[in-house]
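Novice: give the three-dimensional model of this entry:
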Amino acid sequence: MSASRPTTLYRYLTGPDDAAFCHRVSEALSRGWTLYGNPTLAFDDKTGRVICGQAIIKDVEGVSYAPGLDLSAQ
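Specialist: Numbers count the residues shown, from 1 in each chain. Just a heads-up that it's a prediction; the model follows:
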């Protein structure tokens, strides 16, 4: 009998370049998520703010992917 493979979950966090965004990324890392790729930055002309983005992934056992899966609860 073969062991089942873990499901890899993917999230992309975005937000203004501020402490709150850093805390969201730090919280995800503390919950077992891993950084995936380099962070991105973009300037929002409308608000005059820099927007950050960071992809994160997490391998989970016993969870099957479905479109309704709440990734933030994992």
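
Novice: next up, the contacts around Arg31.
Specialist: Contacts here follow C-beta atoms under 8 Å, 6 or more residues apart in numbering; on that basis Arg31 touches 58, 74. (Each C-beta comes from the backbone N, C-alpha and C, glycine too.)

Novice: please renumber the chain so that the first residue is 442 from this point on.
Specialist: Taking 442 as the first residue, the last one we looked at is Arg472.

Novice: local confidence estimate at it?
Specialist: For Arg472, the model assigns a pLDDT of 96.

Novice: what does Leu450 give?
Specialist: 97.

Novice: just how off-centre is the host helix or strand of it within its chain?
Specialist: Element membership for Leu450 (DSSP states H and E) is strand 448-457. A distance of 2 Å separates the centroid of the chain from that of strand 448-457, by C-alpha atoms, centre = their mean, to the nearest Å.

Novice: partner strands of that strand, parallel or antiparallel?
Specialist: strand 490-501 (antiparallel) (DSSP bridges).

Novice: and the nearest residue to Gln495 once chain neighbours are set aside, what does it touch?
Specialist: Using C-beta to C-beta, 6 or more residues apart in numbering and skipping residues adjacent in sequence, the residue nearest Gln495 is Pro480, 4.6 Å away. Residues in contact with Pro480 (C-beta under 8 Å, 6+ apart) are 493-495.

Novice: what do you get for Ile492?
Specialist: Ile492 touches 455-458, 482-485, counting by C-beta under 8 Å, 6+ apart.

Novice: if we go to 10 Å?
Specialist: 455-458, 462, 481-485 (C-beta atoms under 10 Å, 6 or more residues apart in numbering).

Novice: cool, and Thr488?
Specialist: Pro457.

Novice: which SS class is it?
Specialist: coil (DSSP: H, G, I helix; E, B strand; the rest coil).

Novice: what's the pLDDT at it?
Specialist: So, for Thr488, pLDDT stands at 93.

Novice: what does it show for phi and psi?
Specialist: Note on Thr488: its backbone torsions stand at phi -100, psi -10 [degrees, to the nearest 10].

Novice: go on, Val466?
Specialist: phi -70, psi -40.

Novice: the one 10 residues further on too?
Specialist: In this entry, Leu476 is assigned phi and psi values of phi -60, psi 140 (degrees, to the nearest 10).

Novice: understood, closing this out.
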